[in-house]
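Q: kindly return the folded structure for what I paste below:
(chains A and B)
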Amino acid sequence: MEPIMKVTAQPTDTTLTLILDGELDASSAVVLDTELNKPELLKYKKVLIDCQRLSYISSAGLGVFISHLQRLQDSNVKLVFYNMQEKVFNVFEILGLDSLMTIVPTEQEAQAV
Amino acid sequence: MQDRIRISCSRHNLQQVRDFVRSFLLAANRSELIVNQVVLAVDEVVANFIIHANGEDTTQFLDLLLVLAGQQLDIEIEDNGATLFLPPGKVATPDLRAYIQQGRKGGMGMALVSRIMDRVEFFERNSHTVCHLSKELL
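A: Below you'll find the predicted structure:
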């Protein structure tokens, strides 16, 4: 069966970019959870989430980000989303998560956070 | 217009459910934003039935019926399992700041559903659990 979510990691010295490609649901959320659970994540200053090819997110996907946010904040690692499609951003908005997470339009703005 | 689908209780079938709902609503010329919201609401209820009501038992199955009459969309999801699954009708607003502090993963699905759909009802019919979702598509 073709995986419905692909996560590609692009590390630099200070930033880890995770490129999401596909649909993030109760079936695929474990793929992202595994990436965000890696201990080495905490050595970066920023984790950028490139959402350009993220075409769907359910509560299971939101839950993965929520469950790791405090741990990242406690280690002074910023979690920043960018390139988010309107329909995906709308899901964050429905719950009010857009005001609790850092979501910016472009990669340039994400780098500047 | 109306259409129906039957799936077995595996979370791998959620993609099939979403594709089914998307195709149905896009054929009715609904906007991508509305389509995604309704797809999300159905996905959340179906995921709950699969994971929580049926424990991902693939011998069990769900029936999904979509009916669109004018602007009125009615969706019925019937769980053919023997266990009744009747969540409370009123969904509390999740305290997301607390969820973040607690590192909590779940507890947002039905809140999304209740905010997207006009009506959300769970009831018993022939010893099965049925969820009825309705929304006027403006």
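
Q: which residues does A:Phe92 contact?
A: A:62, A:84, A:98, A:101, A:103 (C-beta atoms under 8 Å, 6 or more residues apart in numbering or on different chains). Using the backbone N, CA and C atoms, a C-beta is placed for each residue, glycine as well.

Q: top of the residues you listed by neighbour count?
A: A:Leu62 (24 neighbours; other C-beta atoms under 10 Å in any protein chain shown).

Q: three-state assignment of that residue?
A: Three-state assignment for A:Leu62 (DSSP: H, G, I helix; E, B strand; the rest coil): helix.

Q: near chain B, which of the contacts of A:Phe92 show up?
A: A:Leu62 (C-beta under 8 Å from any C-beta of the partner chain).

Q: reformat the contacts of A:Phe92 as a markdown table; add secondary structure.
A: A markdown table is the format used below for the contacts of A:Phe92 (three-state DSSP):
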| residue | secondary structure |
| --- | --- |
| A:Leu62 | helix |
| A:Met84 | coil |
| A:Asp98 | helix |
| A:Met101 | coil |
| A:Ile103 | strand |
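
Q: isn't B:Pro87 right up against B:Glu121?
A: No - judged on C-beta atoms under 8 Å, B:Pro87 makes no contact with B:Glu121 at a distance of 10.5 Å.

Q: between these two, who's got more neighbours?
A: B:Pro87 (17 against 13).

Q: can you classify the more buried one as helix, strand or coil?
A: B:Pro87 is classified as coil under three-state DSSP.

Q: report pLDDT for it.
A: With respect to pLDDT, B:Pro87 has a value of 75.

Q: need the contact list for it.
A: Contacts for B:Pro87 were tallied using C-beta under 8 Å, 6+ apart; they are B:48, B:110, B:122.

Q: near chain B, which residues of chain A show up?
A: On the criterion C-beta under 8 Å from any C-beta, chain B has as its neighbours in chain A the residues A:1, A:4, A:23, A:25-27, A:56, A:58-60, A:62-64, A:66-71, A:86-87, A:90-91, A:94-97, A:100.

Q: at 6 Å what do you get?
A: Selection of chain A residues close to chain B by C-beta under 6 Å from any C-beta of the partner chain yields A:4, A:25-27, A:58-59, A:63, A:66-67, A:69-70, A:87, A:90, A:94, A:100.

Q: so which of these comes closest to B:Leu25?
A: A:Lys87 (12.6 Å; C-beta to C-beta).

Q: state the pLDDT value of the closest one.
A: 97.

Q: before we move on, the earlier item: please flag which of the contacts of B:Pro87 sit within helices.
A: Among the contacts of B:Pro87, the residues falling in helices (DSSP state H) are B:48, B:110.

Q: save the contacts of B:Pro87 as CSV, and put in distance to chain A too.
A: Putting the contacts of B:Pro87 into CSV (distance: C-beta to the nearest C-beta, whole Å) gives the following:
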residue, distance to chain A
B:Asn48, 9
B:Met110, 9
B:Phe122, 17
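
Q: select from the contacts of B:Pro87 the one having the most neighbours.
A: Neighbour counts for those (other C-beta under 10 Å) peak at B:Asn48, which has 22 neighbours.

Q: listing partners with orientation, what would you give for the longest strand seen in chain A?
A: Longest strand in chain A, counting residues (DSSP state E): strand A:46-57. Next to strand A:46-57 in the sheet, as set by DSSP bridges, lie strand A:15-24 (parallel), strand A:78-82 (parallel).

Q: quick one: the strands in chain B?
A: Listed in chain order, the strands of chain B (DSSP E) span residues B:2-8, B:61-69, B:72-79, B:119-125, B:128-136.

Q: contact partners for the residue nearest to the spatial centre of chain A?
A: The centroid of chain A falls nearest to A:Ile49 when counting by C-alpha atoms, centre = their mean (4.1 Å). Neighbouring residues of A:Ile49 by C-beta atoms under 6 Å, 6 or more residues apart in numbering or on different chains: A:18, A:81.

Q: next, count neighbours for the nearest residue to A:Tyr56 once chain neighbours are set aside.
A: Setting aside the residues directly before and after it, A:Tyr56 is nearest to A:Glu23 in space (C-beta to C-beta, 6 or more residues apart in numbering or on different chains), at 3.9 Å. Using other C-beta under 10 Å, A:Glu23 has 21 other residues around it.
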